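[1] Mind looking at a prediction? Sequence and model below.
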Amino acid sequence: MAQPRQSRSQSSSTGSNADILSINDAIDRLLDIDGAIGAAIVDYESGMTLGTGGGRDLDMELAGAGNTEVVRSKKNILEDLGVNDRIQDLLISLEAQYHLIRMCERHDDIFIYVVIDRNRGNLGLARRMIDQIDKKLELE
């Protein structure tokens, strides 16, 4: 399991392979998404936030960890309903923000959480960028 990382400024080297992103590098890229306010990478099984960045007045550590309950609840409901499908993302729309929880394709039990300003962001582009980051995310 990767060690928790909480600061955007603690950048680690990804080595010579440009197709690999560390947790900190992935957080940096997530914060580059148009309208991004904050981001977190979270292990929803343990509830541990692996990395956070941004947030302005939002505690991204708390928000990331708290959203583990949202993911667990939705997974349990789908199981109870007999729906045998994988969650791609969960979207919580506020008047001023989108809270996007995107399940990682490459890493079981991990999700990427991004808070986006509704006036400056684009959900379609954000999803596409998150998918590109997910493909390069390395947790070790």
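    Right, received. Where do you want to start? Numbers count the residues shown, from 1 in each chain.

[2] Against Arg29, how distant is the spatially closest residue to Ile110 that is not a sequence neighbour?
    Of all residues not flanking Ile110 in the chain, Cys104 sits nearest, at 4.2 Å (Cβ to Cβ, 6 or more residues apart in numbering). (C-beta placed from N, C-alpha, C; glycine too.) The spacing between Cys104 and Arg29, counted by Cβ to Cβ, to the nearest Å, is 14 Å.

[3] could you pull out the strands for the protein?
    In the chain, the strands defined using DSSP state E lie at 36-43, 48-54, 89-93, 97-103, 110-117.

[4] so what's Ile101 bridging to?
    Leu90, Tyr113 (DSSP bridges).

[5] burial count for it?
    Look at Ile101: counted by other Cβ atoms under 10 Å, it has 23 neighbours.

[6] correct me, but it touches Gln88?
    No - contact criterion Cβ atoms under 8 Å: Ile101 and Gln88 do not qualify, at 9.9 Å.

[7] follow-up on the earlier one: which one of the strands of the chain lies closest to Asp25?
    The closest of the strands of the chain to Asp25 is strand 48-54. By Cβ to Cβ, the value is 9.5 Å.

[8] And Gly64, how close does it get to Asp85?
    24 Å.

[9] An error on my part: the question was meant for Val115.
    Distance from Val115 to Asp85, by Cβ to Cβ: 26 Å.

[10] how about the residue nearest to Ile110, what does it touch?
    Applying Cβ atoms under 8 Å, 6 or more residues apart in numbering to Cys104 gives the contacts Ile110, Phe111, Ile112, Asp134, Leu137.

[11] Fine by me, thanks again.
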